[in-house]
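A.B. asks: Give the three-dimensional model of this entry:
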Amino acid sequence: MTEKEKMHAGLLYDANYNEELVADRTKCKDLCYKYNQLLPSKTEEQHTIIKQLFGSTKMDFCVTAPFWCDYGYNIEIGENFYSNHNCVILDGAKVTFGDNVFIAPDCGFYTAGHPLDVEQRNHGLEYAYPIRVGNNVWIGGGVKVMPGVTISDNTIIGGGSIVTKDIPSGVIAVGNPCKVIRKS
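C.D. replies: This next block holds a predicted model:
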């Protein structure tokens with residue numbers, strides 16, 4: 001099994017020293033850099049780069065620069081997707097966004113984690129678990145979403161939250177760790 005196959009299977013994999021994954025990340029970072037250097041008025045060029053970068057997009061989306069991701073090909077966005085400045089998606093595993101998702105500035109979606117065992121960690125091993133964001137979700141400023149989390153439809157995540165567990169549909173959730181405070 002290749003390191004990339006292990007990554008997609010949710011197993012420990014060598015992220016730091018595997019030539020294929022390093023090359024994939026370098027290609028992705030080059031595209032992100034190119035994207036981030038475009039004038040804001042160059043919307044056609046922006047769409048072209050995002051379509052090259054992401055695994056799947058719909059027609060109507062806006063990713064405001066600066067934007068960074070690790071691989072790009074593990075990111076899927078729905079229709080009417082918007083992310084504001086400084087969005088970071090560490091996409092060792094799939095990161096899927098539904099339709100009508102709005103992401104405020106300084107948000108992060110982190111599929112990658114590292115072993116608690118110091119020897120494994122020091123050998124560059126990590127794991128990646130998918131993140132899923134449903135339809136009609138608003139994510140407030142500075143939110144961080146951790147590996148393996150699902151945020152269900154029609155949900156609002158309050159600014160500054162650290163989302164470590166799944167969030168159900170139709171709620172407002174906030175805090176560190178993020179918890180449901182009421183129905184939306």
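
A.B. asks: Mind picking out the helix or strand in this structure with the poorest mean pLDDT?
C.D. replies: Sorted by mean pLDDT, DSSP states H and E, the helices and strands of the chain end with helix 118-122, the least confident at a mean of 91.

A.B. asks: What are the contacting residues of that one?
C.D. replies: L12, H114, P115 (Cβ atoms under 8 Å, 6 or more residues apart in numbering). The way it works is simple: take the backbone N, C-alpha and C, and place the C-beta from them, glycine included.

A.B. asks: Would you write a ChimeraX line that selects the buried entries of those?
C.D. replies: In ChimeraX, this line selects whichever of these come out buried by 16 or more other Cβ atoms under 10 Å:
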select :12
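
A.B. asks: Identify the residues contacting the residue nearest the centre of the chain.
C.D. replies: The chain has I89 as the residue nearest its centroid, 3.1 Å off, counting by Cα atoms, centre = their mean. Listed by Cβ under 8 Å, 6+ apart, the contact set of I89 reads W68, C69, D70, I75, V95, G108, F109.

A.B. asks: what about 10 Å?
C.D. replies: If you count contacts by Cβ atoms under 10 Å, 6 or more residues apart in numbering, I89 has them with 54, 63, 67-72, 74-75, 83, 95, 97, 103, 107-111, 131, 145.

A.B. asks: swap in G10?
C.D. replies: Here G10 is in contact with G92, A93, T111, Y127, A128, Y129, P130, P147, G148 (Cβ under 10 Å, 6+ apart).

A.B. asks: and the longest helix along the chain, what does it pack onto?
C.D. replies: Counting residues, the longest helix found in the chain (DSSP state H) is helix 19-37. On a contact count with 3 or more Cβ pairs under 10 Å, 6 or more residues apart in numbering; DSSP states H and E, helix 19-37 meets helix 3-9, strand 13-14, helix 43-53, strand 67-69.

A.B. asks: count of neighbours near the residue nearest to Y129 when sequence neighbours are not counted?
C.D. replies: Leaving aside its sequence neighbours, Y129 sits nearest to G148 (Cβ to Cβ, 6 or more residues apart in numbering; 3.5 Å). Residue neighbour count, defined by other Cβ atoms under 10 Å, stands at 18 for G148.

A.B. asks: Touching, G148 and D166? I think so.
C.D. replies: Yes - G148 lies in contact with D166 (Cβ atoms under 10 Å); the separation is 8.4 Å.

A.B. asks: what is in contact with those two at once?
C.D. replies: R132.

A.B. asks: hmm, back to that, how would you label the residue nearest to the centre of the chain: helix, strand or coil?
C.D. replies: strand (DSSP: H, G, I helix; E, B strand; the rest coil).

A.B. asks: now swap in C62 and tell me
C.D. replies: At C62 the chain is in strand, as set by three-state DSSP.
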